[in-house]
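In: okay, sequence plus prediction incoming.
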Amino acid sequence: MTKIGIFYGSTAGVTEEIAEKLVEYFDEGVCDLYNMEEDFDDFEDMLQYDYLLLGSSTWGSGEVQNDWRDPLVDMEDEKPDFTGKKIALFGAGDCNCHGENFVSALGILYDYFKEAGATVVGEVPTDDYTFSKSHAVRDGKFVGLPIDEINESEKTDERIEAWIETLRPQFA
Ligand SMILES: Cc1cc2nc3c(=O)[nH]c(=O)nc-3n(C[C@H](O)[C@H](O)[C@H](O)COP(=O)(O)O)c2cc1C
């Protein structure tokens, strides 16, 4: 299978754990894991992959996790070309305390990478989630996979599994 680059930003380790779980759903050696804080140097790291999983938790009031901030600023200057790349987004949030910005970071990544030419796949229906507002909802669906380990940890594994099944045909 073609290699997949998984790039994630995670402050308390929740999105990191999701990223590590995602690896297990693919054959050994298929996924390369990059922590944005320690492993990401520049966009060439991402552009070597045709398939990418990008993860960010949401902080502040609907903002990307800290380690994504500088790369997104660089993206505006450098304008890397993601045409032909397939990207799926995932990330942790809190639908109870932050239900007005639930996983909004996914919406920010979506906007940047769409603008850069990527095809973003892996949208998720909102039905199974309780929240009031999210920048990550477009045309009635989340642009990627929201995980809420704080309020709904019992749903995490089934959510990941269902998402991976929708991704498989896209990432083949
Ligand atoms: C100060 C603060 C702000 C937060 N803001 C948001 C937010 O706007 N939207 C959201 O869905 N979750 C928000 N969260 C919840 C985090 O995204 C959640 O704790 C997540 O699991 C952290 O994942 P990480 O360990 O991968 O960084 C916030 C948490 C804190 C402490």
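Out: Cool, got the structure.

In: mind listing what the residue of the chain found nearest the ligand touches?
Out: Closest residue of the chain to the ligand, CB to the nearest ligand atom: residue 93 (2.5 Å). Quick note: C-beta positions are derived from backbone N, CA and C, even for glycine. In this structure, residue 93 makes contact with 57-58, 101-105, 146-148, judged by CB atoms under 8 Å, 6 or more residues apart in numbering.

In: just the pLDDT for the residue nearest to it when sequence neighbours are not counted.
Out: Leaving aside its sequence neighbours, residue 93 sits nearest to residue 103 (CB to CB, 6 or more residues apart in numbering; 3.8 Å). In the predicted model, residue 103 carries a pLDDT score of 98.

In: likewise for residue 1?
Out: 66.

In: and if you look at residue 172?
Out: Reported pLDDT for residue 172: 78.

In: the chain against the ligand: which residues are in contact?
Out: With CB under 6 Å from any ligand atom as the criterion, the chain meets the ligand at residues 10-15, 57-62, 65, 92-94, 98, 101-104, 149-150.

In: which stretches in the protein count as helices?
Out: For the chain, helices defined by DSSP state H occupy the ranges 14-24, 44-47, 66-78, 104-115, 156-167.

In: quick one: the nearest residue to residue 124 once chain neighbours are set aside from residue 98, how far?
Out: Among residues not flanking residue 124 along the chain, residue 142 sits closest, at 4.3 Å (CB to CB, 6+ apart). According to CB to CB, to the nearest Å, residue 142 stands 15 Å off from residue 98.

In: quick one, which of the two is more surrounded?
Out: Neighbour count, other CB atoms under 10 Å: between residue 142 and residue 98, residue 142 has more, with 25 against 22.

In: show me what contacts the more buried one?
Out: By CB under 8 Å, 6+ apart, the neighbours of residue 142 are 103, 106, 123-126, 129, 134, 136.

In: tell me which of these is nearest to residue 116?
Out: If you rank the contacts of residue 142 by distance to residue 116 using CB to CB, residue 106 comes first, at 15.6 Å.
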